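S.K.: Using only what follows, build the 3D model:
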Amino acid sequence: MSENDCYLCDISEKAVIKARNKGIKAYVCDVDNEKLPFHDGIFDIVTCFEVLEHVINTDFVLSEINRVLKQNGIFIVSTPNVNSIYSLFAQIFMDYPPIASARYKSIHVRDFTLKTLKIALHINGFEVSKTL
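M.R.: Got it, this is the predicted structure:
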């Protein structure tokens, strides 16, 4: 592992093949059920964009991310915020569930607001330093 290496884990074999074709070290991994295929404390930065709302075992995933991060490493995460202004509008005026929420025939299994995401991160050993 060199200083500027980029790694990827994805449940999709097609996504992993595309990443490998671009020179990224990629692994097929079901993060909801499998440990990440890396040693403890090896990454300076871990990103997780639009993933947590798809996994059932959020605490397992977050604990695995924390495990592979170096002490004082940076974790950048994003999830849909079901408390967005658009979601509130849809609920109040259109009688729709929150936009991007877990609902009938949705691929999302977990809903997050900024508050609930911060709670999940805190429970799993992260300190939130900045939100957007």
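S.K.: The closest residue to H39 other than its chain neighbours: what's it in contact with?
M.R.: Spatial nearest neighbour of H39, chain neighbours left out: V68 (7.4 Å); criterion: C-beta to C-beta, 6 or more residues apart in numbering. C-beta coordinates here come from the backbone N, C-alpha and C atoms, glycine included. Taking C-beta atoms under 8 Å, 6 or more residues apart in numbering as the criterion, V68 is in contact with 36, 38-43, 46.
S.K.: Please parse the protein into its domains.
M.R.: Domain segmentation of the chain under automatic domain parsing yields 1-30, 41-123.
S.K.: For the helix or strand of the chain with the lowest mean pLDDT, which helices and strands make contact with it?
M.R.: None of the helices or strands of the chain scores lower by mean pLDDT, DSSP states H and E than helix 85-94, at a mean of 83. Here helix 85-94 touches no other helix or strand, going by 3 or more C-beta pairs under 8 Å, 6 or more residues apart in numbering; DSSP states H and E.
S.K.: Pull the distance from it to the chain's centre.
M.R.: When distances are taken as C-alpha atoms, centre = their mean, to the nearest Å, helix 85-94 is centred 25 Å away from the chain's centroid.
S.K.: Skip ahead from that helix and say which helix or strand is next.
M.R.: From helix 85-94 onward toward the C-terminus, using DSSP states H and E, the following helix or strand is helix 114-123.
S.K.: Brilliant, that's me finished.
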